[in-house]
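Trainee: Sequence isn't available, so here's the structure alone:
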């Protein structure tokens, strides 16, 4: 691969190894590695961090490895964006994976081709490997456009990342002028995201993702999402920072290979139907979706009795 890859690791060597082996298959010519420092109060983290970092030293192909290892623990919500700031001071584009985001191998080609295709299109802020449509495909294209910036395996450009605002400086103005009403579909969604973004602004939620989402929205930006799922999050459960529930329905979501050549959409227009499904299932699951999911689970169990 010619496109630089960013691998974000910490204290999970078993998961780091799985993602690293996927990267090994595509042999990038340049690999950035971002790692936080262990927390002093966690006695076992030093050894785990060292084991994770040691995996990087097993690279056996021609590759420029550039490491950014923190001296003190920043927490993921600061370590990731500061690491990406460092990356985009050096390159114009990159594919980004955390140690719990296991890619289907075609994810890399999917990102590389679309990074080139849309590199000068200011409307596109990112490319993601995530598909949370649960098998619903509304067209025959390879991907669609969304205003959700899913970041379990993604890619972006320096030109887009420059808008990332860690301090959410524009949020009070956006909130007070009720500008989310111009972005979101209905009052329910506005209420939901106003609460999430306010809690993020107040540091009740320590999430860089929400800050990136707002940064994209304020540019009226779109994210490319594949019509098949290309990333499986293997990081849920014990040891996870933000995804501690092993019962999360998005755990180990199956992946499927992307077909090539890519079938490009005719129009660069957000898929509002897909986004509505995402809002009602991934983020603010409504009663209809929750009941439907339970009914399907009961029916599935009944079928195999």
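Mentor: Here it is on my side, so go on. Bear in mind that the values here come from a model prediction, so they are computed numbers and not experimental data.
Trainee: Spell out, range by range, the strands that occur in the stretch 1-150 of the chain.
Mentor: Residue ranges of the strands in the stretch 1-150 of the chain, as given by DSSP state E, counting those that start in this stretch, are 5-9, 30-35, 64-69, 93-98, 101-103, 124-128, 143-146.
Trainee: tell me the contacts of residue 219?
Mentor: Under the criterion of C-beta atoms under 8 Å, 6 or more residues apart in numbering, the contact partners of residue 219 comprise 122, 125, 160, 163. Using the backbone N, CA and C atoms, a C-beta is placed for each residue, glycine as well.
Trainee: Buried members of those into PyMOL, please.
Mentor: Typed into PyMOL, the next command selects the buried ones out of the contacts of residue 219 (criterion: 16 or more other C-beta atoms under 10 Å):
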select buried, resi 125+160
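Trainee: now, which of the contacts of residue 219 sits nearest residue 229?
Mentor: residue 125 (20.3 Å; C-beta to C-beta).
Trainee: returning to what we had before: can you tell which of the strands of the stretch 1-150 of the chain is closest to residue 153?
Mentor: strand 101-103 (4.3 Å).
Trainee: quick one: the helices in the chain?
Mentor: For the chain, the helices identified by DSSP state H occupy 13-26, 45-56, 76-87, 106-117, 158-161, 171-176, 187-201, 208-217, 272-278, 287-303, in order along the chain.
Trainee: what's the closest of these to residue 229?
Mentor: When the helices of the chain are compared by C-beta to C-beta, helix 106-117 sits nearest residue 229, at 9.7 Å.
Trainee: How many neighbouring residues does the residue nearest to residue 60 when sequence neighbours are not counted have?
Mentor: Spatial nearest neighbour of residue 60, chain neighbours left out: residue 24 (7.8 Å); criterion: C-beta to C-beta, 6 or more residues apart in numbering. Look at residue 24: counted by other C-beta atoms under 10 Å, it has 15 neighbours.
Trainee: next one: residue 192
Mentor: Here the number of neighbours of residue 192 (other C-beta under 10 Å) works out to 16.
Trainee: Tell me who's in contact with it.
Mentor: For residue 192, the contacting residues are 279, 283-284, taking C-beta under 8 Å, 6+ apart as the criterion.
Trainee: can you list the residues you listed in a markdown table and add neighbour count and pLDDT?
Mentor: Putting these into a markdown table (neighbours: other C-beta atoms under 10 Å; pLDDT from 0 to 100) gives the following:
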| residue | neighbour count | pLDDT |
| --- | --- | --- |
| 279 | 22 | 95 |
| 283 | 13 | 91 |
| 284 | 16 | 86 |
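Trainee: And the residues you listed, which is closest to residue 102?
Mentor: residue 283 (22.5 Å).
Trainee: And that closest one, how far from residue 83?
Mentor: Note on residue 283: its distance to residue 83, by C-beta to C-beta, to the nearest Å, is 26 Å.
Trainee: repeat for residue 72
Mentor: On the measure of C-beta to C-beta, residue 72 and residue 83 end up 14 Å apart.
Trainee: neighbour count winner among the two?
Mentor: When residue 72 is set against residue 83 and neighbours are counted by other C-beta under 10 Å, the residue ahead is residue 83, at 23 against 9.
Trainee: Please name the nearest non-neighbouring residue to the more buried one.
Mentor: Using C-beta to C-beta, 6+ apart, the closest residue to residue 83 is residue 34 (3.4 Å).
Trainee: what bridges to the one you found?
Mentor: Beta-bridge partners recorded for residue 34 (DSSP bridges): residue 8, residue 68.
Trainee: check contacts around it.
Mentor: Going by C-beta under 8 Å, 6+ apart, residue 34 touches 6-9, 68, 79-80, 83-84, 86-87.
Trainee: Please tell me the pLDDT value assigned to it.
Mentor: According to the per-residue confidence, residue 34 scores 98 in pLDDT.
Trainee: right, and the residue nearest to residue 60 touches residue 61 too?
Mentor: Yes - counting by C-beta atoms under 8 Å, a contact exists between residue 24 and residue 61, whose distance comes to 7.3 Å.
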